[in-house]
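Trainee: A predicted structure for the sequence below; I have some questions about it.
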Amino acid sequence: MTAWARRQPAVSGLTLIGSRVRPARDPVWRPDGHSDWDFQLITSQPEVFLRRDWARELPGVALLAYGVRPARIGGVPKVNAVFAGAEADFVVLPETVLAPLRRAVKAGRHRRLGAERGALQDLALVIRPGWRFLLGERAWGPMFRRVVADIPDARPGDAALRNLAECFWCDLVWIRRKLERGECLAAQRLLHQSLAETNLRLLHELRLRRGERSFPEGRRLEMIAAAAEVRLATVSVKATARALRAATDRAARNCTKLMRMLVGPDWKPPAIDR
């Protein structure tokens, strides 16, 4: 990757992030044979990475699959690529997005609330666990270091958690309606997409508030949490109306437990009839 990037005039920065730059002594987060490679590409031509042609130029690797998804920072693309023998993610950071942020950091505006701070919080969240510049340290390194030092991760307050729970119950009603109609696949989809996802987010925040280690998206949860906590975010269900109804009710009970641990024992779910 470094050799390729040095030949590209449009690439001004390349960083390695993710497990590959985290301490090998870390028993929970150190890389293993299942770890992929995570890169950030800072470029003046982000549109190049919407197509797979550039990845075929990497020496000594065969590209097998190439997918483009939206990323969080400025709506820029995130690329997932599978090569023969390795997988890699590439977050493409356009210079048109990053250069104004660099100026804001240099001027000290990054400490204020606003759109700039939100984008920098997204950046800080990604790089805080560790990063290493393979190209462009002089140009972009000072900005990265200051962002990590000065900007804390965005965290939800109690009001945001209550709203998250209200959304949970709105989706729960939708699921029950679909089950009454016999639409099991639609119910199964939202059970995982919304209810299970909400409980994972609540459990993640609960662990952080306790000062315990946690990772987004449920990652490493089985390795760091007690079995009882893992069960609060677990969904295991067949695509039948009876099983989905029971799983939905179980998810609702778990959401209630998590909310009471987060915002107080007096929290009550919406009074919605079954």
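Mentor: Everything's here; your move.
Trainee: Which parts of the stretch 151-274 of the chain are helices?
Mentor: 158-181, 184-190, 197-209, 221-224, 227-232, 241-263 (DSSP state H, counting those that start in this stretch).
Trainee: out of these, deepest packed?
Mentor: helix 197-209 (a mean of 19; mean count of other CB atoms under 10 Å). Backbone N, C-alpha and C define where each C-beta goes, glycine included.
Trainee: Contacts for that one next, please.
Mentor: 155-156, 161, 164-165, 167-168, 213-218, 221, 225, 229, 232-233, 251, 254-255, 258-259, 261-262 (CB atoms under 8 Å, 6 or more residues apart in numbering).
Trainee: same question, stretch 77-95
Mentor: Contacts for stretch 77-95 (CB under 8 Å, 6+ apart): 12-13, 18, 36-44, 46, 49-50, 52, 55, 58, 61-71, 73-74, 76, 126.
Trainee: sorry, back to before: kindly reformat the helices of the stretch 151-274 of the chain as TSV and extend each row with distance to F133 and mean pLDDT.
Mentor: Output for those, formatted as TSV (distance: least, CB to CB, whole Å; pLDDT from 0 to 100):
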stretch	distance to F133	mean pLDDT
helix 158-181	34	97
helix 184-190	41	97
helix 197-209	28	97
helix 221-224	29	91
helix 227-232	37	94
helix 241-263	38	97
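Trainee: Please report the distance of Q45 from V11.
Mentor: 8 Å (CB to CB, to the nearest Å).
Trainee: Can you list the low-confidence ranges for the chain?
Mentor: 24, 71-76, 113, 273-274 (pLDDT under 70).
Trainee: Show me the domain layout of the chain.
Mentor: 2-150, 158-263 (automatic domain parsing).
Trainee: okay, these in CSV with distance to I272 next?
Mentor: Converted to CSV, the domains of the chain look like this (distance: least, CB to CB, whole Å):
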stretch, distance to I272
domain 2-150, 33
domain 158-263, 6
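Trainee: A271 is nearest to which of those domains?
Mentor: Closest approach to A271 among the domains of the chain is made by domain 158-263 (9.7 Å; CB to CB).
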